[in-house]
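Enquirer: Need the 3D shape of this:
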Amino acid sequence: MTIYRELVKKSPARFLPDPATSLNNLGIRLSALGRHKEALEATREAVNIYRELVKKNPDRFLPDLAGSLNNLGNCLSALGRHGEALEATREAVEIRRQLAQKNPDRFLPDLARSLGAHGYALLGAGRAPEAAEAFREGLGALIPHARRLPRAFGPLLVALLRDYLRACEAAGRAPDDELVREAEKVLEENRDQR
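Expert: Now for the predicted structure:
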């Protein structure tokens, strides 16, 4: 990151997005290693850079900001900071809703991913009924995409379905059987393609 920082100082317009991408990726890798505090620091810095870039070019950088906010929420959830995780994931969902309204084919899977992160944060905060609703909405948005592209979206569909059922159980309510059957059918039909 030191090299990027030097390049940014010399030519911010040319190199500024690259450190944000690198920091975001670093945060993901550190989280995967269980180094959540370090991941939080890198991801928070990526969010701050993307916020500045969005001011100058929202069409180009809003998707990146939403992705970094999603990752930030995941880092905060892993650290048990559920209130902050809810704020980050709620903002990611709001951005991705706007993007999906303009271009559903491109952004509905991202919205589903953010709804999953938001549902996870809600579960961590003890708000199981709201979590179940977030996962349910994410499943509904993702199923058509997972049907068309099972390799790309099958793993996310599995995670959303698992978390939806878990949230419904925690909330003491029955899941939407039709939605569950539809998700399971997509997974079954495409088992060999994942």
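Enquirer: residue boundaries of the helices in the chain?
Expert: 2-10, 12-15, 17-32, 36-56, 58-78, 82-102, 104-124, 128-148, 150-171, 177-189 (DSSP state H).
Enquirer: Which pLDDT value goes with the residue lying closest to residue 175 once chain neighbours are set aside?
Expert: Excluding the flanking residues, the one nearest residue 175 by CB to CB, 6 or more residues apart in numbering is residue 168, at 4.3 Å. C-betas here are computed from N, CA, C, even on glycine. On pLDDT, residue 168 comes in at 98.
Enquirer: what's the spatially most central residue of the chain in contact with, if anything?
Expert: What sits nearest the mean C-alpha location of the chain, by CA atoms, centre = their mean, is residue 114, with 3.6 Å. Neighbour list for residue 114: 66, 70, 89, 92-93, 96 [criterion: CB atoms under 8 Å, 6 or more residues apart in numbering].
Enquirer: what about 10 Å?
Expert: Residues in contact with residue 114 (CB atoms under 10 Å, 6 or more residues apart in numbering) are 66-67, 69-70, 73, 88-97, 100, 107, 134, 138, 141.
Enquirer: before we move on, what about residue 93?
Expert: Residues near residue 93 by CB under 10 Å, 6+ apart: 66, 69-70, 73, 111, 113-119, 134, 137-138.
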